[in-house]
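A.B. asks: sequence below, structure please.
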Amino acid sequence: MGKLTITETNLKDVKLIEPAVFGDHRGFFTESYSDQDFKEAGLAFDFIQDNHSLSTEPGVLRGLHFQKGEAAQTKLIRVVTGAVLDVIVDMRKGSPTYGKWEGYILSASNHRQLLVPRGFAHGFVTLTENVNFLYKCDNYYDAAADGGIAFDDPDLAITWPIDHDKAILSEKDKHHPTLKEFEAENPFVYGEI
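C.D. replies: Numbering: from 1, shown residues only. This is a model prediction of the structure:
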């Protein structure tokens, strides 16, 4: 049935994926994930965990998060209600795009998915109310390996569509180190993850 449109991004190994969407006066149908289609497109991942978050108001900022070491995760992200600006940062020392970030609008209406490889920090800010955000992972969550970097790291200079002081953050997300501070003690090495 559905095939995928895959767009390379400016960040090494990151891909935007658009499954075929079949719509008419009733609504639409899409295969949001087909292991066969992904493998035929050269995207062979063993996704073993699905996560789902709800953010009830615009301006909720979650991130920038990742899993360290052996617990690192590849993520396949999509939004099923509402819209977000999804932001990722390449943390893989030695990668040609190390320390670079990009943001992508993911929404219920554009059906885009984002493939985020291991070694990237990930976060998003909600642009609408009632955002249902889903993602597949190829590794289980490990609380001991949980990590984050500051969403407002001045060296990264991420252009969020919200004033930093108006972002709705968890207590944990208010206190992450900068990329330089984290990397000094815990480097991801490109090609090893």
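
A.B. asks: every contact and neighbour count from this point should use C-alpha atoms.
C.D. replies: Fine.

A.B. asks: relative to residue 81, how far out is the residue with the largest distance to the centre of the chain?
C.D. replies: Distance to the chain centre peaks in the chain at residue 25, reaching 31.8 Å (criterion: Cα atoms, centre = their mean). The spacing between residue 25 and residue 81, counted by Cα to Cα, to the nearest Å, is 19 Å.

A.B. asks: got it, and residue 62?
C.D. replies: In terms of Cα to Cα, residue 62 sits 16 Å off from residue 81.

A.B. asks: who has more neighbours out of these two?
C.D. replies: residue 62 (21 against 18; other Cα atoms under 10 Å).

A.B. asks: quick check: bridge partners of the residue nearest the centre of the chain?
C.D. replies: Per Cα atoms, centre = their mean, the C-alpha nearest to the average position across the chain is that of residue 122, at 4.6 Å. Residue 122 forms beta bridges with residue 65, residue 88, as assigned by DSSP bridges.

A.B. asks: what residues are up against it?
C.D. replies: 63, 64, 65, 66, 86, 87, 88, 89 (Cα atoms under 8 Å, 6 or more residues apart in numbering).

A.B. asks: what do you get if the cut-off is 7 Å, keeping everything else the same?
C.D. replies: 63, 64, 65, 66, 87, 88, 89 (Cα atoms under 7 Å, 6 or more residues apart in numbering).

A.B. asks: doesn't residue 150 make contact with the second one?
C.D. replies: Yes: using Cα atoms under 7 Å, residue 64 is in contact with residue 150, at 6.4 Å.

A.B. asks: quick one: the helices in this protein?
C.D. replies: Applying DSSP state H to the chain gives helices spanning 35-40, 179-185.

A.B. asks: want to try CSV for those, with distance to residue 110, mean pLDDT and mean neighbour count as columns?
C.D. replies: Converted to CSV, the helices of the chain look like this (distance: least, Cα to Cα, whole Å; pLDDT from 0 to 100; neighbours: other Cα atoms under 10 Å):
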stretch, distance to residue 110, mean pLDDT, mean neighbour count
helix 35-40, 19, 93, 14
helix 179-185, 31, 84, 14
